[in-house]
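**Q** Just a sequence and a predicted model for now, questions to come.
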Amino acid sequence: MEVGGESSAVRPAGGDSSSCSGTHSSTYTPGASPVSSSCGFHPPGASELDEEARAKKLGHVRGLLEEFCSHAGANVEALIERWLSEMDAAWVHLAGHDSRQLPQLTRSWILALRDIKDSIFAYIDGLCGEDDSTSHSQPALSEFSRFVESTILKMLPFVDVIVALNNTVASSGSEHIVAAAAETQTKLQALIQVRDALSTASEEIQFWPHSSLYYQESTRMVDDMSDLLSSQLGKLDKAIWDTVDEIRNGIMDASRAAAACLSPDIHELTRSVISCIKLLDTNYVLLSRIAYEAARHGTFVPEIKNKAPLTSLIIEMFSCLEGKLVAMLQSFQHDSLGFLFLINNSHFVWQQLHPMFDLEFPMAVLNRRIADYIQSYLQVSWGPVLSCLYNDPRPLRLGRYRFGFEFQKVHTTQRLWKVPDPELRARLRKAIAKKITSGYAKFLEDNRATTTPRVTPQELDEMVQEIFEG
């Protein structure tokens, strides 16, 4: 398990991934023979501890267990609180946390759950390696099972805490759509990480060794622990889908909201939607199964019927963003600045999303649209400059003067405009130079008998290389 990280599951190679069970797969089959009780057995995916660390952890949990067996009531509660405090997780059952603390709290919770897993395994593994006379002197496994169950029960309310935090965000309205979307994505990441940790713990429990002396008790403990953890997965699945749906609705609201743009730079809505899509894609296996269930139960109706529900959802988000960007064109005072805004944002979208194979066709269409936006930008921004050479009814000298004046005016303005991506900036400069420099060179060639150039095409080209630096 990667603590605090995103699911590393690989998406199926195409088609509907509804058959996937989650972010992890387990080879355990209910009703199969128990795992052999050989000393030193390590379950797949379990945290690797060296012998010294395992012995230290075993000694510590035995000491805690002896205290647990010799006390009752409030003292037991205090003992569990102390153990959680040692793992920096004494807060896990408390509500009222600031949502901005959620990433840190989630990481702390996952680390604590891993530590508890390691401690449980170290204890059972220790029993497997001892002879009967030594084992009889140890506290009964049933007492250990109660101790572990009490500890995990103290851990599980954190699931309710993050679900409650998510509901708080979901009811916040759409006044600050982008800020709310970023906060909701943080909650979604936390929910996915907690679910991933619980799923991993539940699956790894199935591989715990069974002491031959305590076979029935250890089997019962494995079943109880598995049921205790698995019971939370359905709750998390629902909370995850509710959060995904809230993000989707937020993007739909943003696509209807009016906004005025003054800068051609990457818009915060673009960054927010792309961040969300990449989060969905990174956790595709888990979220695809959840989206499939939502579609099966009618709580989500995909617009694209021949795609997996989650893929359809991602394309819907992309389409909403694209429509909103086009609508923003109307808010720019100058069309040339508006088209540069579309070029910047559309190229950023393509750059971030084109590696996703499910979006191969939409990205090809978007790439053609970017080329069209570039041609529209050249026409509205530099076309009038070039037309001074051919469409001015005054003498050629005045036409050249007008061309130079208009070129300088556009050049001075667009030096302050920003194209953040170096590759796109070079592509635009090349397109401008091709239109202006080649057009000017042809004009000079056609009128070389009557015209003495004040500036050369090469000098114009050098000036073009100065624009879009911001």
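**A** Received the coordinates, thanks. Note that the coordinates shown come from a computational prediction; the quantities given were computed from them, not determined experimentally. Numbering: from 1, shown residues only.
**Q** Can you classify Asp224 as helix, strand or coil?
**A** helix (DSSP: H, G, I helix; E, B strand; the rest coil).
**Q** What degree of burial does it show, as a neighbour count?
**A** Look at Asp224: counted by other CB atoms under 10 Å, it has 16 neighbours. Using the backbone N, CA and C atoms, a C-beta is placed for each residue, glycine as well.
**Q** Check Gln104 too.
**A** 11.
**Q** just the one 4 residues further on next, same as before
**A** Counted by other CB under 10 Å, the residues lying close to Ser108 total 20.
**Q** Who are the packing partners of the host helix or strand of it?
**A** Per DSSP states H and E: Ser108 is located in helix 102-128. Under the contact criterion of 3 or more CB pairs under 8 Å, 6 or more residues apart in numbering; DSSP states H and E, helix 102-128 touches helix 51-70, helix 141-155, helix 157-170, helix 177-205.
**Q** Give the rounded mean pLDDT of it.
**A** In this model, helix 102-128 carries a mean pLDDT of 80.
**Q** Then stretch 82-92?
**A** Mean predicted lDDT for stretch 82-92 stands at 73.
**Q** Same question for stretch 225-240.
**A** 86.
**Q** Against Gln193, how distant is the most centrally placed residue in the chain?
**A** For the chain, Leu279 is the residue whose C-alpha lies nearest the centre (CA atoms, centre = their mean; 2.1 Å). Going from Leu279 to Gln193 by CB to CB, to the nearest Å gives 11 Å.
**Q** phi, psi of Phe420?
**A** Not quite, residue 420 is Pro, not Phe. Per-residue torsions, Pro420: phi -70, psi -30 (degrees, to the nearest 10).
**Q** In contact with it: list those residues for me.
**A** Pro420 is in contact with Asp265, Ile266, Asn344, Gly470, counting by CB atoms under 8 Å, 6 or more residues apart in numbering.
**Q** Please check the residues you listed and keep the buried ones.
**A** Asp265, Ile266, Asn344 (16 or more other CB atoms under 10 Å).
**Q** So which of those residues is the closest to Ala55?
**A** Ile266 (54.2 Å; CB to CB).
**Q** That closest one contacts Ser346, correct?
**A** No. The pair Ile266 / Ser346 is not scored as a contact, 10.3 Å apart, by CB atoms under 8 Å.
**Q** Leu340 reaches Ser376, doesn't it?
**A** No. Between Leu340 and Ser376 there is no contact, the gap being 10.1 Å when judged by CB under 8 Å.
**Q** which of those two has more neighbours?
**A** Leu340 (25 against 18).
**Q** and the closest residue to Phe443 other than its chain neighbours, which of the three is it?
**A** Distance criterion CB to CB, 6 or more residues apart in numbering; nearest residue to Phe443, sequence neighbours excluded, is Leu389 at 4.6 Å. Three-state call for Leu389 (three-state DSSP): helix.
**Q** quick one: Leu389 and Gly439 touch, right?
**A** Yes. Assessed by CB under 8 Å, Leu389 is found in contact with Gly439 at 7.1 Å.
**Q** and the buried ones among the contacts of Pro420, which of them are in strands?
**A** Among the buried ones among the contacts of Pro420, no member falls in strands (criterion: DSSP state E).
**Q** how near is the residue nearest to the centre of the chain to Val285?
**A** From Leu279 to Val285 the distance is 13 Å (CB to CB).
**Q** again, but for Ile124
**A** 30 Å.
**Q** With Thr200 instead?
**A** 14 Å.
**Q** try Ser119
**A** 30 Å.
**Q** Restricted to helices, list the buried ones among the contacts of Pro420.
**A** Counting by DSSP state H, the part of the buried ones among the contacts of Pro420 found in helices is Asn344.
**Q** Save the buried ones among the contacts of Pro420 as a markdown table, and put in distance to Phe443 and pLDDT too.
**A** Putting the buried ones among the contacts of Pro420 into a markdown table (distance: CB to CB, whole Å; pLDDT from 0 to 100) gives the following:
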| residue | distance to Phe443 | pLDDT |
| --- | --- | --- |
| Asp265 | 34 | 92 |
| Ile266 | 37 | 93 |
| Asn344 | 31 | 97 |
